[in-house]
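In: with the input below, show me the fold.
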Amino acid sequence: MHTRRIGDTDVRAIGLGGMPMSIEGRPDEARSLATLHAALDAGVTLIDTADAYHRDADEVGHNETLIAKALAGHDRGGDVLVATKGGHLRPGDGSWTLDGSPRHLREACEASLRRLGVEAIGLYQFHRPDPKVPYAESVGALRDLLDEGKIRLAGVSNADPAQIREANDILGGRLVSVQNQFSPAFRSSEPELRLCDELGIAFLPWSPLGGISRAGELGSRFAPFARIAERHGVSPQRVCLAWMLAKSPVVVPIPGASRPETIRDSVAAAELALTAEEIADLDAV
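Out: Below you'll find the predicted structure:
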């Protein structure tokens, strides 16, 4: 089984992003639970969520609650590193707002602890920088939660290289993950990926297949992925994830899924070996 390292924890090279199971267009709970259980059956040991992964204003933490239920109902539930986030909010009208204040992050962490039903969150990440709050204050809240044992590991999301270095300094070298958008259509996080590789910090690409509405179009949008997929007899999505894994040993993609068959296909990317020539072709897209 192909594993990667996040802090002191080994995880399967492909994780699962829980967002599609809780926002607009989400499946019913039975299919979501079946998808989560399929991920566990396939060996997934990292599941990504956030308190903001919900649809309506009165259901903050919907995805966290769903994941807690799935893990409690599976014999491998205790083997999973759950990564959740705070600092990004959804008022319930489809928009997103920010609150990176230390007070909010502490309250958000406490609420996530209750929903997940744990004494310490496995990996807690600052969801997105808040321009109204100094970055050092937001990350300082994570440092305090780490020191108090409320969280086991700390990370940041949607951060640039300067913020990654600042966060790592504030955390005393204990920054273990950076979760940024990265996909064939969104390559501007390459500098952050290279920095994470240099520092030995896990890089978790979100929307690695292009997002909920466009993941199915990956092959038609990017011909080299479709061509190489045909050569190997696999999906373009599987090729995409294998390409990301080949870029650095710190990369752990977290594709979203809302059907059992899609997460099973994604997990199989860890077994797909691409040639140096194929990787070069995909890098050039």
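
In: buried residues, the helix or strand in which Asn168 is found. List them.
Out: According to DSSP states H and E, Asn168 maps onto helix 161-170. For helix 161-170, the neighbour count (16 or more other CB atoms under 10 Å) marks 163-164, 166-168, 170 as buried. The C-beta positions use only the backbone N, C-alpha and C, and glycine is treated the same way.

In: what's the mean pLDDT across it?
Out: Averaged over helix 161-170, pLDDT sits at 98.

In: tell me if I'm right that Thr35 and Ser258 touch.
Out: Yes: between Thr35 and Ser258 a contact is recorded at 6.0 Å, counting by CB atoms under 8 Å.

In: could you report the neighbour count for the residue lying closest to Ser266 once chain neighbours are set aside?
Out: For Ser266, ignoring the flanking residues on the chain, the nearest one in space by CB to CB, 6 or more residues apart in numbering is Pro255 at 4.6 Å. By other CB atoms under 10 Å, 28 other residues sit near Pro255.

In: Pro255 and Ala215, how far apart?
Out: Separation of Pro255 from Ala215 (CB to CB, to the nearest Å): 8 Å.

In: give me the common contacts of these two.
Out: 209, 237 (CB atoms under 8 Å, 6 or more residues apart in numbering).

In: quick check: closest non-adjacent residue to Pro161.
Out: Leu195 (5.0 Å).

In: which residues touch the one you found?
Out: 161, 164-165, 201.

In: Ala154 sits in which helix or strand?
Out: Using DSSP H and E, Ala154 maps to strand 151-157.

In: state the helix or strand in which Ile279 lies.
Out: Element membership of Ile279, judged by DSSP H and E, is helix 276-283.

In: which elements pack onto that helix?
Out: Applying 3 or more CB pairs under 8 Å, 6 or more residues apart in numbering; DSSP states H and E, we find helix 276-283 packed against helix 223-232, helix 236-247.

In: re the thing from before, the residue nearest to Pro161 falls within a helix, correct?
Out: Yes: the assignment for Leu195 is a helix, going by DSSP: H, G, I helix; E, B strand; the rest coil.

In: what pLDDT does it get?
Out: Confidence for Leu195, expressed as pLDDT, is 98.

In: so where's the chain shaky on pLDDT?
Out: Scanning the chain for pLDDT under 70 picks out 1.

In: strands of that one, residue ranges please.
Out: Assigned by DSSP state E, the chain shows strands spanning 3-6, 9-12, 16-17, 46-48, 81-86, 88-89, 97-98, 121-126, 151-157, 175-179, 202-203.

In: what does the third one contact?
Out: Identification of contacts with strand 16-17 by CB under 8 Å, 6+ apart yields 36, 39, 44, 46-48, 206-207, 254-257, 263, 266.

In: measure how far that strand is from the centre of its chain, please.
Out: 6 Å (CA atoms, centre = their mean, to the nearest Å).

In: cool, and the first one?
Out: Averaging C-alpha positions (CA atoms, centre = their mean) puts strand 3-6 13 Å from its chain's average.

In: just the fourth one next, same as before
Out: Distance of strand 46-48 from its chain centroid, counting by CA atoms, centre = their mean, is 6 Å.

In: on that earlier part again, list the strands paired with the strand holding Ala154, with their directions.
Out: Strand 151-157 has the following sheet partners, assigned by DSSP bridges: strand 121-126 (parallel), strand 175-179 (parallel).

In: perfect, that will be all.
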